[in-house]
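Chemist: sequence-free structure coming up:
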């Protein structure tokens, strides 16, 4: 089934079938596993720390990681192309996030490999399909975007050289790449915040303060690179949908309580109706070609991944919401049908008593 048809089916109300075996959690990389050595000098790209802060599992089952994944199934696989000024010799490597080891896959042409490392992100679809069935397609793309965000955030926190995420959706293999250059700057953020990016268990009560909502919308819009529109549904004494105005203030997109409808659209997850707020990225019209489908979903996962760290820094509980059925937000707001579907969301809670948002 092609991606466009698969997305149409995933957006429908057909329930997925019974669970099937997920298969191995890590590719069967060839050759012996190698440790990731620590950096020996300033400016050397420490791949071990980069991967520990972004993709490595923190428990033997592989469920707990610094990047979220639908159903904690973690379908994203990482291959590294390593050049000079890194803690591994130049070459291509497959990464094992369960053991935090790499496997050498082969050399790279010495004249064609710049310094630093490129991480290629692909997926083993079976892991996600084992639980979500025909709804897996968009989730695989969102998970890949989250993994790219985790790598970007880890590189920035470690004070590496420039880091660039490529999420244009032009290819299936790899779906995305993250390029990290060597460098030596002061660490840009507390590293503990990266490892604290856990999806909170419901309930998530308490409407975040206006300053928190503005920060989350700003992060999502910046990371999303204009490919989606962003708004936030809030509860409290004045439930409404808010968006960020050009001057950076919050403005009303629609009045009224949206969270019960969002809960119904999000595979019937009733707890969303009581969340303090829900950040929403929407767009990707029906009939969009495969490149745009990939691009919009990759950017949505990347933006929500970046926004989740903003939530951590502001002491907000958060939980990504990736499965949406019949979620035609544009039509619900009075626009043309099938043009602005919810692509991704981030449920939020302050843990504080309900407050107004003005």
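Modeler: Ah, there it is. The structure displayed is predicted, hence computed values, not measured ones. Numbers count the residues shown, from 1 in each chain.
Chemist: Look at the residue nearest the centre of the chain and report its pLDDT.
Modeler: Note on the chain: the residue nearest the mean C-alpha position is residue 146, at 2.1 Å, using C-alpha atoms, centre = their mean. Looking at residue 146, its pLDDT is 98.
Chemist: Would you agree it is in contact with residue 304?
Modeler: Yes - taking C-beta atoms under 8 Å as the definition, residue 146 is a contact partner of residue 304 at 7.0 Å. (C-beta placed from N, C-alpha, C; glycine too.)
Chemist: Give me the common contacts of these two.
Modeler: residue 320 (C-beta atoms under 8 Å, 6 or more residues apart in numbering).
Chemist: Pull out the buried residues from the worst-scoring helix or strand of the chain on mean pLDDT.
Modeler: Of all helical and strand segments in the chain, the minimum by mean pLDDT, DSSP states H and E falls on helix 191-195, at a mean of 78. In terms of neighbour count (16 or more other C-beta atoms under 10 Å), helix 191-195 has its buried residues at 194-195.
Chemist: contact partners of it?
Modeler: Counting by C-beta under 8 Å, 6+ apart, 53-54, 58, 66, 150, 153-154, 157-158, 309, 312-313 sit against helix 191-195.
Chemist: what residues are up against residue 266?
Modeler: 272, 321, 323-325, 327, 345.
Chemist: can we see that at 6 Å?
Modeler: Residues in contact with residue 266, defined by C-beta atoms under 6 Å, 6 or more residues apart in numbering, are 272, 321, 324.
Chemist: Now the second one: phi and psi?
Modeler: Yep, that's residue 321 we're talking about. The phi/psi pair for residue 321 (degrees, to the nearest 10) reads phi -130, psi 110.
Chemist: just checking, it touches residue 342?
Modeler: No - the pair residue 321 / residue 342 is not scored as a contact, 8.8 Å apart, by C-beta atoms under 6 Å.
Chemist: For the two, indicate the residue with more neighbours.
Modeler: With neighbours defined as other C-beta atoms under 10 Å, residue 321 and residue 342 compare such that residue 342 has more, 28 against 25.
Chemist: Over to the more buried one. Which of the three states is it?
Modeler: Secondary structure, DSSP: H, G, I helix; E, B strand; the rest coil: residue 342 is strand.
Chemist: That one - nearest residue in space that isn't next to it in sequence?
Modeler: residue 327 (3.8 Å; C-beta to C-beta, 6 or more residues apart in numbering).
Chemist: host element of that neighbour?
Modeler: Under the criterion DSSP states H and E, no helix or strand holds residue 327.
Chemist: Residue 311 now?
Modeler: Per DSSP H and E, residue 311 falls inside helix 290-313.
Chemist: Quick check: the gap between the closest residue to residue 248 other than its chain neighbours and residue 126.
Modeler: Nearest residue to residue 248 in three dimensions, chain neighbours excluded: residue 214, at 6.6 Å (C-beta to C-beta, 6+ apart). Plainly put, residue 214 is 40 Å away from residue 126 if you go by C-beta to C-beta, to the nearest Å.
Chemist: Now do the same contact list for the residue nearest to the centre of the chain.
Modeler: 67-68, 301, 305.
Chemist: Could you single out the nearest of those residues to residue 108?
Modeler: Nearest to residue 108 among the contacts of residue 146: residue 67, at 26.0 Å, using C-beta to C-beta.
Chemist: For burial, what's the neighbour tally of the closest one?
Modeler: By other C-beta under 10 Å, 26 other residues sit near residue 67.
Chemist: With residue 185 instead?
Modeler: Neighbour tally, residue 185, other C-beta under 10 Å: 12.
Chemist: Just to check, it is in contact with residue 159?
Modeler: Yes - using C-beta under 6 Å, residue 185 makes contact with residue 159 at a distance of 3.8 Å.
Chemist: What is the neighbour count of the nearest residue to residue 256 once chain neighbours are set aside?
Modeler: Spatially, and ignoring its direct neighbours in sequence, residue 256 is nearest to residue 239 (6.3 Å; C-beta to C-beta, 6+ apart). Here the number of neighbours of residue 239 (other C-beta under 10 Å) works out to 18.
Chemist: Give me the phi and psi for residue 118.
Modeler: Dihedral angles (degrees, to the nearest 10) for residue 118: phi -110, psi 130.
Chemist: contacting residues around it?
Modeler: Contacts of residue 118 (C-beta under 6 Å, 6+ apart): 81, 177, 179.
Chemist: what are the bridge partners for the first one, then?
Modeler: When bridges are called by DSSP bridges, residue 81 pairs up with residue 92, residue 118.
Chemist: tell me the contacts of it?
Modeler: 92, 108, 118.
Chemist: Against residue 83, how distant is the second one?
Modeler: Looking back up the chat, that one is residue 108. 7 Å.
Chemist: can you check residue 72 too?
Modeler: 33 Å.
Chemist: And those two? Which one has more around it.
Modeler: Ranked by neighbour count (other C-beta under 10 Å), residue 72 and residue 83 place residue 83 first, with 20 against 13.
Chemist: Quick check: the more buried one touching residue 111?
Modeler: No - the pair residue 83 and residue 111 does not pass the contact test of C-beta under 6 Å, sitting 10.9 Å apart.
Chemist: Was I right to think residue 296 contacts residue 226?
Modeler: No - at 10.8 Å, residue 296 does not count as touching residue 226 under the criterion of C-beta under 6 Å.
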